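# what follows is a predicted structure for the sequence shown.
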Amino acid sequence: MPTNKITPFLKWPGGKRWFVHNYASLLPTTFNRYIEPFLGGGSVFFHLRPKDALLGDANPDVITAYMAVKRDWKRIERSLVYRQRAHLLDDDYYYKQRGKVTEDPMDRAARMIYLNRTCFNGIYRVNLQGQFNVPRGTKNEVVMDSDDFEAIAELLQGAELRLADFEALVDEAQPGDLVFADPPYTVRHNLNGFVKYNEVLFSWADQERLAIALGRARDRGVKIVSTNANHASVRALYEGLGFEMRPLARFSSISASSSSRRQFEELVVQANLDSGAADGLVTTRTTSESRATSRARK
Ligand SMILES: C[S@@+](CC[C@H](N)C(=O)[O-])C[C@H]1O[C@@H](n2cnc3c(N)ncnc32)[C@H](O)[C@@H]1O
């Protein structure tokens, strides 16, 4: 793996910067093609810096931004420098940009990166008409010291970018490829209104579809690392398919018992890894049991 660090250019909700910071050892060091079907800010992609990658997301703004940086990073950088000045000079610039509709993909990409950096908490939310509707945040840094669009563009030359549902990408994985899957965290629940937003975005049926697609990929010999919520429903889903998993603490500090319980809110699901990356996993079933379960599900 190259030693120079690349910082993701998007701050993304559910981003995995903490994961690469604390748990990089859970990722395999050798694999063929790298496949990331829920790209978002791409923390793991930028950490591993694979030469050959297939990256996808269902959000068109995300894929447009990566395609634009790949195609003409200088234009994106220039546009951000311009926007930095405008943002500091005009208090209303954020809302003017938020309300703007532009068809040009390069302009759309620069606008999206600008809004991501200056909106409230880096949240991504659109209204029913698909218009970005997050209020302005407190951060005013449009151009960042950590930006290295040239290195990002160079890395993206080896990546195919797809606006697609995750299943198509997982199904493309060949033996020896690595799939890193970081879906939105949806858990099984009763229909009690307040999670409706999540349901629309990524339903429990999508979670099941993902687990089954990952099961098929595992059975083809694909290496798998997938993060999720450490929730009983998610554990039961992956246990039923015979996956290995372990709970993860987002923060490494150990404190009082109630807060240390809350630390283990995440889960990593793995398959077909070399021994180092698999250390400390909880194996829930034997391989033959797992195959039988997976066959039964088909
Ligand atoms: C938790 S985020 C990924 C964060 C990323 N790992 C990072 O470090 O920034 C999940 C991503 O999945 C995307 N997504 C949601 N539903 C999807 C689907 N059905 N297929 C592909 N991507 C989807 C969202 O647009 C979002 O970018």
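Right, received. Where do you want to start?
# CA only for contacts and neighbour counts going forward, please
Noted.
# for Asp145, which three-state class applies?
Under DSSP: H, G, I helix; E, B strand; the rest coil, Asp145 falls in the coil class.
# quick check: residues of the stretch 101-250 of the chain near the ligand?
Ala164, Asp165, Phe166, Asp182, Pro183, Pro184, Phe202 (CA under 6 Å from any ligand atom).
# quick one, helices of the protein?
For the chain, helices defined by DSSP state H occupy the ranges 17-23, 43-48, 60-89, 93-98, 105-118, 149-156, 166-172, 196-201, 204-219, 232-240, 257-263, 275-278, 287-297.
# list the buried residues in the first one.
Right, the one you point to is helix 17-23. Arg17, Phe19, Val20 (16 or more other CA atoms under 10 Å).
# nearest to Asp92 among those?
Ranked by distance to Asp92 (CA to CA), those are led by Arg17 at 31.3 Å.
# just the pLDDT at the residue lying closest to the closest one once chain neighbours are set aside, thanks.
Setting aside the residues directly before and after it, Arg17 is nearest to Ser43 in space (CA to CA, 6 or more residues apart in numbering), at 5.5 Å. Confidence at Ser43, expressed as pLDDT, is 97.
# same check on Arg295?
Reported pLDDT for Arg295: 40.
# what residues does stretch 129-142 touch?
80-81, 83-84, 87-88, 94-95, 98-99, 114, 117-121, 123-127 (CA atoms under 8 Å, 6 or more residues apart in numbering).
# try it again with 10 Å
Contacts to stretch 129-142, defined as CA atoms under 10 Å, 6 or more residues apart in numbering, come from residues 80-85, 87-88, 92, 94-95, 98-101, 112-127.
# ditto for stretch 93-111
Residues contacting stretch 93-111 (CA under 10 Å, 6+ apart): 61-69, 71-73, 75-80, 83, 86-88, 90, 92, 112, 114-119, 131-137.
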